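> no sequence for this one, just the structure:
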């Protein structure tokens, strides 16, 4: 089952549902990653609870805490996420994968509340850890948050560079979910750089991919972007409908979506 779950989490089958049962704490973590990607936050959080019940500390529990924090950020709760990422750092020890994951998360938490200097510091710490062998998904995440920080600072060209690096790294990784998220970040970066037509074209294609892959949180994020810049393939009313439907689905699946 690990191969099936790993492919759903980090391969080409992110829409897999229902998920096979887990027989190990690591498989529970993989289930949580898949469920969260689909916006099934209630199921994902329950599996993360299971990891923490079965595993006594260490890198896997650190990853579970980082994953919980990432779900909270997706739902708009950056302040709540920070505590979980802090715990993740404490539990990571010398493990570069869980440590880098936690620092990237902490950078995103700080960015979400406007603490740009703290975000940059956390990204540097993550980069230092990634000089050691670690999961190839982590440089993709580092590039995402680096792009988001550049956007927040008004550095559009820099943001596009980081986003394009994420696109290349995700393609090498072979993860449909990471590829889609990288496209979302690139579309946002292009918008921040004033390249609205290019952003719109990319976001329209990515919106179709998010629907096909069943990745509801990213479909919602794309609909939010297109609501601001307009879509070439959907009316404004259709974009708002998609955005509202995605938000309703997330709430129905156990996500406590913050008001934005």
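Done, it's in. Note that this is a predicted model, so its numbers are computed, not measured.
> Around residue 134, count how many other residues there are.
18 (other Cβ atoms under 10 Å). Any C-beta I mention is one placed from the backbone N, CA and C, and that applies to glycine too.
> Now do the helix or strand containing residue 46, average pLDDT.
Using DSSP states H and E, residue 46 sits in helix 41-54. On average, the pLDDT along helix 41-54 is 98.
> What of stretch 16-30?
The model assigns stretch 16-30 a mean pLDDT of 97.
> What residues of it count as buried?
16, 19, 22, 25-30 (16 or more other Cβ atoms under 10 Å).
> wait, which of those is closest to residue 123?
Taking Cβ to Cβ as the measure, residue 123 lies nearest residue 29 of the buried residues of stretch 16-30, at 23.8 Å.
> just the angle between the host helix or strand of that closest one and helix 41-54, please?
Assigned by DSSP H and E, residue 29 belongs to helix 25-37. Inter-element angle recorded for helix 25-37 and helix 41-54: 160 degrees (by axes from the mean of the first three to the mean of the last three Cα atoms, to 10 degrees).
> coming back round to it: next, give me the two most distant ones among the buried residues of stretch 16-30.
Taking Cβ to Cβ, no two of these sit farther apart than 16 and 25, at 19.7 Å.
> Which strands and helices lie in contact with the helix or strand just after the helix holding residue 46?
Where DSSP H and E defines the elements, the next helix or strand beyond helix 41-54 is helix 59-74. Counting by 3 or more Cβ pairs under 8 Å, 6 or more residues apart in numbering; DSSP states H and E, the packing neighbours recorded for helix 59-74 are helix 25-37, helix 41-54, helix 78-92, helix 96-112.
> Between helix 96-112 and the third one, find me the angle.
What it means is helix 78-92. Using the same axes, to 10 degrees: helix 78-92 against helix 96-112 is 160 degrees.
> In a markdown table: the helices and strands packed on helix 59-74, plus distance to residue 216.
As requested, the helices and strands packed on helix 59-74 are exported to a markdown table (distance: least, Cβ to Cβ, whole Å):
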| stretch | distance to residue 216 |
| --- | --- |
| helix 25-37 | 9 |
| helix 41-54 | 10 |
| helix 78-92 | 19 |
| helix 96-112 | 20 |
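> Residue 141 is nearest to which of these?
That would be helix 96-112 among the helices and strands packed on helix 59-74, by Cβ to Cβ, at 4.9 Å.
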